[in-house]
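S.K.: Mind looking at a prediction? Sequence and model below.
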Amino acid sequence: MACRDVEKAKKVAKEAGMPEGSYTVMKLELASLQSVRDFVANLKAFKGARPLNNLICNAAVYLPKAPEPAWTDDGFEMSMGVNHLGHFLLVNLLLDDMSKAKGARVCIVGSITGNTNT
């Protein structure tokens, strides 16, 4: 699992009944393109030669009531940086590896932020 808060993810996995040792939690901050690059390097080192079969991108920022825009470490508006650019870089950096897996899939999960009636 790639996440911003490693300890919180471990706690949630435990509460969900996931057996310890059946998953790995790794730090990823989509608001930092360097963090995305570091995550991919760490993931490739961790998994070795095994190809990546599936990638589910399920992170998003939605701040409709923020009085001022927030910015990523790289100077992009926060929702654009996290919801789009961070995922784009992540997928791009992993595509070559995923092309080596049989039937590999990428899933980008949407949310209520895509609805026009919200």
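M.R.: Nice, thanks for sending it over.
S.K.: shaky segments in the protein?
M.R.: 111-118 (pLDDT under 70).
S.K.: can you pull out the strands in it?
M.R.: In the chain, the strands defined using DSSP state E lie at 2-3, 26-27, 54-57, 105-108.
S.K.: can you map out the helices along the protein?
M.R.: 6-15, 33-47, 78-80, 87-98 (DSSP state H).
S.K.: what comes up buried for the third one?
M.R.: Applying a neighbour-count criterion of 16 or more other C-beta atoms under 10 Å, the buried positions in helix 78-80 are 78-79. Every residue, glycine included, has its C-beta placed from N, CA and C.
S.K.: what sits up against that helix?
M.R.: Contacts with helix 78-80, where a contact means C-beta atoms under 8 Å, 6 or more residues apart in numbering, come from 31, 60-63, 69-72, 113.
S.K.: Also the last one?
M.R.: Residues outside helix 87-98 that contact it (C-beta under 8 Å, 6+ apart) are 28, 30, 33, 36-37, 39-40, 43-44, 51-53, 55, 57, 59, 104, 106, 108.
S.K.: Would you mind listing the buried residues in it?
M.R.: So, applying 16+ other C-beta under 10 Å, buried residues of helix 87-98: 87, 89-90, 93-94, 97-98.
S.K.: In this structure Gly103 contacts Leu52, no?
M.R.: No. If you go by C-beta atoms under 8 Å, Gly103 and Leu52 don't touch, sitting 11.9 Å apart.
S.K.: quick one: which of the two has more around it?
M.R.: Leu52 (19 against 6; other C-beta atoms under 10 Å).
S.K.: contacting residues around that one?
M.R.: Leu52 touches 43, 94, 97-98, 101, 104, counting by C-beta under 8 Å, 6+ apart.
S.K.: make it 7 Å
M.R.: 94, 97-98, 101, 104 (C-beta atoms under 7 Å, 6 or more residues apart in numbering).
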